[in-house]
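1. Provided below are the primary sequence and the corresponding predicted coordinates.
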Amino acid sequence: MQLHQLAYFVAVAETRHFTRAAQRMHVAQPSLSQQVRSLEQELGTPLFNRARGNISLTAAGETLLPLARRILADTETARQRVTELLDLRHGTVRLGATPSLCTGFLPDVLRLFHQRYPGIRLLVEEGGSRDLVRDLAGGELDLALIILPLQSSDPALATSPLIRESLVLVSSLDEPPVVTGRSLTVADLRNHPLVMFRRGYDLRVATVTACREVGFEPTFAIEGGEMDAVLGFVAAGLGSAVIPSMVARRLGMRVTPFAAPGLQRTIGLARRRDVEPTRAAVELQRTLWEYLRHAVATGSLPDGTRLLGDRPPPVHASDPDPGPAAGVGAGVAAVGREPPAGDRELSAVDGKDGIS
């Protein structure tokens, strides 16, 4: 049973005339008649009583007619839905992102995407880089914004470095600054109370590692919070915190950068090599890249933050990757320069789930 046979059958049933049905369907009358007979042979029963000048439905035809109309209507609905999806009027994009990115530039990117494609539903999963990579590999996400290098050896995953971002120290405006008259160094955090993220955050690992590299253990005024809690504790004057510069720019707090070469991290986009992305996912990647390029052109990226590369990341499964899966070296090469000698790439180096 084929769809065009059902369409021919419905046309005859509604016109009660084979010639007029053929005209409606824009086919030759003998061809239409032959297809209706083929349908009857397949069903094993006549669908029409054929009398000269009087075409009527048999009992089998009466039974089939509403079913055929429903099948044809459902088929048209399916065609329209797919067309709408291709036209980006409907659909869903499942995006994973770390908490600091959800607090940082992601709201602006999603607002721009929603303005362009209001019919596309956005599902955002907030989590650590390792959790997001696992969900991406399992088919639960379309894209993921993570901290590089990627803590995975899965060959089905590809990453593209996007930006290298500076980390800064934030503190309450009601508290005295950590240093005055000179640039801040990690050594200045010795004996200074810090508000620390819970275990599992790569910002916690990075801060502790940086302090240990210059010979001391950091002092925690309070620890165990998520991003919003940490920022609230800092605003309350409980201590300072090391956070990404793109998060810090949105806050009404004192923001103190570290002296060169500073503390930095690399943000990348992860996708699956073996799955062709939906058009909505492709457009989200393009919107992200356009937003970052515009931020560079208008100087709205925080000081010390730079775009890695001069072309957008690959959008199709068959597109070549811009560089190694780790992404960090590839990003540096894309801008034609090496990072300062003291740059620290901040990620979950202790093997825990990295959350930025």
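-> Yes, it's here.
2. I267 contacts L167, doesn't it?
-> No: I267 is beyond contact range of L167, at 11.9 Å (criterion: Cβ atoms under 8 Å). Backbone N, C-alpha and C define where each C-beta goes, glycine included.
3. Look up the pLDDT of the residue of the chain most remote from its centre for me, please.
-> Most distant from the centre of the chain: R52, at 63.6 Å, with distances by Cα atoms, centre = their mean. pLDDT for R52: 77.
4. Repeat that for E84.
-> Confidence score, pLDDT, at E84: 64.
5. Now do the strands in this protein.
-> 48-51, 54-57, 92-97, 121-126, 143-148, 157-171, 193-197, 219-225, 241-244, 254-257, 263-272, 306-307 (DSSP state E).
6. Dump those strands to TSV, plus mean neighbour count.
-> Output for those, formatted as TSV (neighbours: other Cβ atoms under 10 Å):
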stretch	mean neighbour count
strand 48-51	12
strand 54-57	14
strand 92-97	22
strand 121-126	15
strand 143-148	27
strand 157-171	24
strand 193-197	24
strand 219-225	16
strand 241-244	27
strand 254-257	18
strand 263-272	24
strand 306-307	17
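7. Format the ones you listed as CSV; extra columns: distance to Q41.
-> Supplementary listing: the strands of the chain in CSV, determined by distance: least, Cβ to Cβ, whole Å:
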stretch, distance to Q41
strand 48-51, 13
strand 54-57, 17
strand 92-97, 43
strand 121-126, 46
strand 143-148, 51
strand 157-171, 53
strand 193-197, 72
strand 219-225, 73
strand 241-244, 70
strand 254-257, 80
strand 263-272, 47
strand 306-307, 66
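8. Can you tell me how far the closest residue to L169 other than its chain neighbours is from P149?
-> Spatial nearest neighbour of L169, chain neighbours left out: T256 (4.6 Å); criterion: Cβ to Cβ, 6 or more residues apart in numbering. Distance, T256 to P149, using Cβ to Cβ, to the nearest Å: 27 Å.
9. Also S183?
-> From S183 to P149 the distance is 28 Å (Cβ to Cβ).
10. And those two? Which one has more around it.
-> Higher neighbour count among S183 and P149: P149, with 21 against 12, using other Cβ atoms under 10 Å.
11. hang on, R121 packs against R94?
-> No: applying Cβ under 8 Å, one finds R121 not in contact with R94, separated by 9.4 Å.
12. Would you mind listing where the stretch 101-250 of the chain has pLDDT under the threshold?
-> The model of the stretch 101-250 of the chain has pLDDT under 70 over residues 151-152.
13. contacting residues for the residue nearest in space to the middle of the chain?
-> Note on the chain: the residue nearest the mean C-alpha position is L95, at 3.1 Å, using Cα atoms, centre = their mean. Residues in contact with L95 (Cβ atoms under 8 Å, 6 or more residues apart in numbering) are L122, L123, V124, E125, L141, D142, L143, A144, L145, L284.
14. And the strands of the chain: which comes nearest A297?
-> strand 306-307 (9.9 Å; Cβ to Cβ).
15. Relative to the closest one, what are the paired strands and their orientations?
-> Here strand 306-307 has these sheet partners by DSSP bridges: strand 157-171 (antiparallel).
16. the inter-axis angle of the partner strand versus strand 263-272?
-> Strand 157-171 and strand 263-272 are oriented at 150 degrees to each other (axes from the mean of the first three to the mean of the last three Cα atoms, to 10 degrees).
17. Strand 143-148 and strand 157-171, what's the angle between them?
-> 60 degrees.
18. how far out from the middle of the chain is strand 157-171?
-> In terms of Cα atoms, centre = their mean, to the nearest Å, the centre of strand 157-171 is found 16 Å from the chain centre.
19. Same question for stretch 54-61.
-> Worked out by Cα atoms, centre = their mean, stretch 54-61 lies 55 Å from the chain centre.
20. give me every residue that touches the residue lying closest to S33 once chain neighbours are set aside.
-> The shortest distance from S33 to any non-neighbouring residue, by Cβ to Cβ, 6+ apart, is to F18 (5.5 Å). Applying Cβ under 8 Å, 6+ apart, we find F18 in contact with V12, Q29, L32, S33, V36, I55.
21. sorry, back to before: which phi and psi values does the residue farthest from the centre of the chain adopt?
-> According to degrees, to the nearest 10, the main-chain angles of R52 amount to phi -60, psi 120.
22. For the chain, which segments are assigned as helices?
-> Secondary structure of the chain by DSSP state H: the helices cover 3-15, 18-25, 29-43, 59-86, 99-103, 106-116, 129-137, 202-213, 227-235, 245-248, 279-298, 328-334.
23. and the spatially closest residue to A236 that is not a sequence neighbour, how far is that from D74?
-> Counting by Cβ to Cβ, 6+ apart, S172 is the residue found nearest to A236 once chain neighbours are left out, at 7.1 Å. Going from S172 to D74 by Cβ to Cβ gives 61 Å.
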